[in-house]
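> Sequence first, then the predicted structure:
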Amino acid sequence: MRKTTASQDFIRGIWEENPVLIQMLGLCPALAVTNSVANALAMSAATFFVICCSSVLVSSCKRFIPKEVRISAYILVIATFVTLADMLLQAYAPVQHKELGAFIALIVVNCMILGRQEAFSAKNNVYRSLLDAIGTGIGFTIALVMMGGFREILGTGSFLEFSLFGPNFEPWVIMVLPAGGFLTLGFILLAMGFFEQRKKAKQAQTAEASS
Amino acid sequence: MSEETTRKDVGTPETPEVPETKSASTFRLVATLAVAGALAGLLIVMVNQHTKPIIDEYKAEQLRIAVYEVLPDVERYNTYYLVDDSLSLTLPEGAKESDYKRVYVGYDTLGEIKGVAISRGESGFQDVVMVIFGFDPATGKLTGMKVLDSKETPGLGDKIFKDQVFVDQFFAGPETPLVGVKIGAGKGKPNEIDTITGATISSKVVIDIINHGLEEWGPILDKGIPQESTQ
């Protein structure tokens, strides 16, 4: 039996098991709505809200949910919070809501959220589950904002609609189109793989040197 | 804790499996889901009651902007409700506004009727597409079109409001009823609208909404729009 500390539960989702960049979960929103930083932030905020609320509720009600219907119960919990997020966004951020359209409703089927419920919240206490959810939510936000930043800067020459390069910049339109999402994700993963490999090589070297 | 031990901890189940319990009775399974469903419904209703007024207010504001957009030559407009097959500025006592169909009649500075805007929804590829369009009742030509609400496929169907070339066709004063044609297949008639490649269904929905709206309202508007009461 392995135990993790509270800080590990928190950090894990942010980097070492980043839902998008390492676990490759929740790629649909990561590709679809990251054509601008504002959209990425709105999507992250909605997902963050859903995953935190769901984790707290699932971990606090885990005693009452028979294991035969646990998945249905988790989906029900997630769907409820997604509907709430949908209505709240529509009321307080109507522009973003219009822009994100159907993707808000699709948070229900984001396997990143269901995955955290099944793998963590169903087996841990409320405090740890909340930490795990916050970590995962932040990790998701980092990944989305990173992609949204790349795509908006290259695709429209601005960051959060603040123009960066002046009027002479020729926007790289492909980056805000769906193909740009795949390209960006591909390059980010490539870079991560490259650094991971270098780190491993260095570790092997130091291990060899010390032995 | 050293780097080595930290790394071993990741990627593994954190705590032991839930202990195997005796499988629950069918009644308990159904009851759990029913209670959870009821609670979920209650929560949604509560939040909906809080957010609905805000959403409605925003939609009304958007509608006001949209009416002026699809009726470019208009200085101000009145909302006419369809009460017992005739147009009326006021609703019967105690009636709910949302139960009545309506048109927006726009006037120029001299008080002449310059255009009529109608909003209408029909099923699109995913969900109901809400469109508002304006036309000049004197000539029957369209003056504009705006998609108010749609859940059409991002990247394809959403071109009905994102593709400026498609949208601009409705502002160029086409004659009605509209006919949707594939790009390049048109014969240059004044009532042709080029549909969007890859979003034929969504484009046709917009065209259908406008045609059906005109069919429905044409006879009513032909009977004449009542004079405004002098204020």
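On my side now, so go ahead.
> quick one, what contacts residue B:205?
Residue B:205 makes contact with B:122-125, B:129, B:160, according to Cβ atoms under 8 Å, 6 or more residues apart in numbering or on different chains. Yep, even glycine has a C-beta here, placed from its N, CA and C like the rest.
> what helix or strand is it on?
Element membership of residue B:205 [criterion: DSSP states H and E] is helix B:200-222.
> Distance from that helix to the middle of the chain?
Relative to the centre of its chain, helix B:200-222 is centred 14 Å away, using Cα atoms, centre = their mean, to the nearest Å.
> Would you mark the buried spots in that helix?
B:201-211, B:213-214, B:217, B:220-221 (16 or more other Cβ atoms under 10 Å in any protein chain shown).
> In terms of pLDDT, where does the spatially most central residue of chain A sit?
By Cα atoms, centre = their mean, chain A has its centre lying nearest to residue A:140, at 2.0 Å. On the pLDDT scale, residue A:140 is placed at 94.
> That one belongs to a strand?
No - the assignment for residue A:140 (DSSP: H, G, I helix; E, B strand; the rest coil) gives helix, which keeps it out of a strand.
> contacting residues for it?
A:18-20, A:26, A:44, A:47-48, A:51, A:112.
> same check, this time on residue B:194
B:165-166, B:169, B:180-183, B:186.
> swap in residue A:81?
Residue A:81 sits next to A:49-50, A:53-54 when contact means Cβ under 8 Å, 6+ apart.
> same deal with residue A:80?
Residue A:80 sits next to B:40, B:43-44 when contact means Cβ under 8 Å, 6+ apart.
> Just the pLDDT for residue B:10.
Looking at residue B:10, its pLDDT stands at 45.
> no wait, residue A:128
Value for residue A:128, per-residue pLDDT: 91.
> Report the secondary structure state of the closest residue to the residue nearest to the centre of chain A other than its chain neighbours.
Excluding the flanking residues, the one nearest residue A:140 by Cβ to Cβ, 6 or more residues apart in numbering or on different chains is residue A:19, at 5.2 Å. What three-state DSSP gives for residue A:19 is coil.
> Please apply the same query to residue A:24.
Following three-state DSSP, we place residue A:24 in the coil state.
> for residue B:146, same thing?
For residue B:146, the assignment made with three-state DSSP gives strand.
> gap between it and chain A?
Distance of residue B:146 to chain A, computed by Cβ to the nearest Cβ, to the nearest Å: 13 Å.
> In the sheet, which residues pair with that residue? Tell me.
Assessed by DSSP bridges, residue B:146 has beta-bridge partners residue B:132.
> How about the contacts made by it?
Counted by Cβ under 8 Å, 6+ apart, residue B:146 has contacts B:66, B:69-70, B:131-133, B:161, B:167.
> and of those residues, the nearest to residue A:122?
Closest approach to residue A:122 among these (Cβ to Cβ): residue B:161, at 42.4 Å.
> any idea of the pLDDT on the residue nearest to the closest one when sequence neighbours are not counted?
Closest residue to residue B:161 apart from its sequence neighbours, by Cβ to Cβ, 6+ apart: residue B:147 at 3.9 Å. Listed pLDDT for residue B:147 reads 90.
> Give me the helices and strands touching the helix or strand hosting residue A:57, please.
Element membership for residue A:57, per DSSP H and E: helix A:37-61. Judged by 3 or more Cβ pairs under 8 Å, 6 or more residues apart in numbering or on different chains; DSSP states H and E, helix A:37-61 is in contact with helix A:70-92, helix A:94-100, helix A:102-105, helix A:111-116, helix A:126-156.
> want to throw these into JSON lines with distance to residue A:197?
Formatted as JSON lines, the helices and strands packed on helix A:37-61 follow (distance: least, Cβ to Cβ, whole Å):
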{"stretch": "helix A:70-92", "distance to residue A:197": "36"}
{"stretch": "helix A:94-100", "distance to residue A:197": "36"}
{"stretch": "helix A:102-105", "distance to residue A:197": "34"}
{"stretch": "helix A:111-116", "distance to residue A:197": "25"}
{"stretch": "helix A:126-156", "distance to residue A:197": "20"}
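> And the strands in chain B?
With DSSP state E as the criterion, chain B has strands at B:76-83, B:86-88, B:102-107, B:113-123, B:128-135, B:142-149, B:179-181, B:192-194.
> what's the most buried one of these?
Most buried of the strands of chain B by mean neighbour count (mean count of other Cβ atoms under 10 Å in any protein chain shown) is strand B:128-135; its value is a mean of 24.
> could you give the angle of it to strand B:102-107?
For strand B:128-135 against strand B:102-107, the angle by axes from the mean of the first three to the mean of the last three Cα atoms, to 10 degrees is 30 degrees.
> sorry, back to before: what would the contacts of residue B:146 look like in CSV with pLDDT?
Converted to CSV, the contacts of residue B:146 look like this (pLDDT from 0 to 100):
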residue, pLDDT
B:66, 89
B:69, 89
B:70, 89
B:131, 91
B:132, 92
B:133, 91
B:161, 86
B:167, 89
